[in-house]
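> Just need the structure, nothing else, for what follows:
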Amino acid sequence: MNVLVATPTYADKLQPETAAAVKAQKFTGQWEWRVYRNNPSAVPCMANVQAQYRHIREDFLAGPWDALLTVEHDMVPPENALQSLWDADKPVAYGVYMLRHGSLVLNAWEYAGPNALGESLSLQTRRQHKIEPEGVVRVSGIGFGCTLIRREVMERLQIHGGGNPDQSPDVPFAYDCNREGIEQVAHFGVLCGHIEAGRVLMPAGTSAVEVKVMALQTLNANVGGSSVHMDAGQEYTIIASAVDDLVRANYVRVIDASVGSGNALLQAPKDAPAQHPKPAKAKRKRLGTNVPR
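I've put the predicted structure just below:
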C-alpha cells in the first residue's frame, strides 16, 4: 500500500485549499505527495497538461508505488479520498466533483459499453443507477481531478491527447480503459470540491435538478423533450439534463446551478468564499420540470 499523490500545476496556480486537503489525507499505507510544474509552454494550455501527465506517468513507473492518485491544483478532496479510493479495489477509481466552464455537471459519466462514453450522471436519476449515498458505481470515466489509478493500468496504457494538442488526456484515457476492458468506477463517498473564481463547487446530489440560465439567443429549444421558445436576455429555470447541449451551442449561459429542487447540483461550503449573482430584473420562467424524480 504505497501511493504517489501527484498534482500537476502551472506557475503559482496551486490553491492553498488543495494543499491543505492533500496534507490532511488519512491513509493506513504509505504515500508521498509531489507537485509537478514541468510545463513546456510559457502559457497555460492543454499541451502543458498532456506533458505533465506523461511526466507523472514516467516518474510513477520509475518508483516503488502501487497506485497513483492524481489531485489537480484546484481540487479539494475530503480527508478520506485516498483511503476510500484505495479500498474500492478497482483498476481506476474516481472521486466525484463538478465540471466547470458552463457545464456544471458531475465528472462521473455513465458506462455505455466498450466503445463510447456515456453522459454525466448528473443527467440521470439516483434510482436509475441504484447509487447509494456513499456507493461505488461503474462509469466510463471521466476527469483526473481526484483519480486513483493502479500500477498495472499505468504500465498498460500511455498518456496522450488522441492526436489533438488541445485535448485533455483524461478523455483518451477513459476511451482506452473502456476499449481494453479496464473497469472504472466513481466513488460517491468521495465528494470533492472544485475551486472556481473564489467559490468551491461541491456536488450535492445526482438526481435530475433545475438550473437557472439566461438565453443568449432567441430560439425554440429542446427542453425535457419539448420545444420551448426562449427569448434572448431572459432568465429561465430548466432541468439540468437540457443544460449541457444548450451551453455547448452557445444558446444559454448558466447563472445559478443551485436553484430548484432540494437536490442542488452544487453548493459552497460555509467556510468558502461565495459569489452571489446580482438580483436580476429579467422575467423568470420555469421550463421542462416534469421529469421523473
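> Please report how far the closest residue to R37 other than its chain neighbours lies from A116.
Using CB to CB, 6 or more residues apart in numbering and skipping the chain neighbours, the partner closest in space to R37 is T9 (5.9 Å). Bear in mind the C-beta positions are built from the backbone N, C-alpha and C, glycine included. Distance, T9 to A116, by CB to CB, to the nearest Å: 31 Å.
> Comparing these two, which residue is more hemmed in?
T9 (19 against 12; other CB atoms under 10 Å).
> what sits against that one?
By CB atoms under 8 Å, 6 or more residues apart in numbering, the contact set of T9 is V35, Y36, R37, E72, H73.
> Could you report the separation of it from N39?
Note on T9: its distance to N39, by CB to CB, is 9 Å.
> Repeat that for K13.
10 Å.
> In terms of packing, which of the two has more residues around it?
With other CB under 10 Å as the criterion, K13 and N39 differ in neighbour count, and N39 comes out ahead with 19 against 13.
> give me every residue that touches that one.
Y10, N48, A51, Q52.
> what's the distance between the residue positioned nearest the centre of the chain and R100?
What sits nearest the mean C-alpha location of the chain, by CA atoms, centre = their mean, is N107, with 3.0 Å. Using CB to CB, we find N107 at a distance of 10 Å from R100.
> Check which helices and strands the longest helix seen in the chain sits against.
The helix spanning the most residues in the chain, taking DSSP state H as the definition, is helix 46-61. Helix 46-61 is packed against strand 2-8, strand 30-36, strand 67-71, helix 151-156, with contacts defined by 3 or more CB pairs under 8 Å, 6 or more residues apart in numbering; DSSP states H and E.
> Between the contacts of N39, identify the one with the most neighbours.
Scoring these on neighbours with other CB under 10 Å, the highest-scoring entry is Q52 at 23 neighbours.
> Return the per-residue confidence for V223.
For V223, the model assigns a pLDDT of 66.
> Please disregard the earlier target; I meant A208.
In this prediction A208 is given a pLDDT of 36.
> going forward, begin numbering at 39 instead of 1
Noted, 39 is the first residue going forward, which turns the last one into A246.
> Which residue, other than its chain neighbours, is closest to G156?
For G156, ignoring the flanking residues on the chain, the nearest one in space by CB to CB, 6+ apart is E148 at 3.0 Å.
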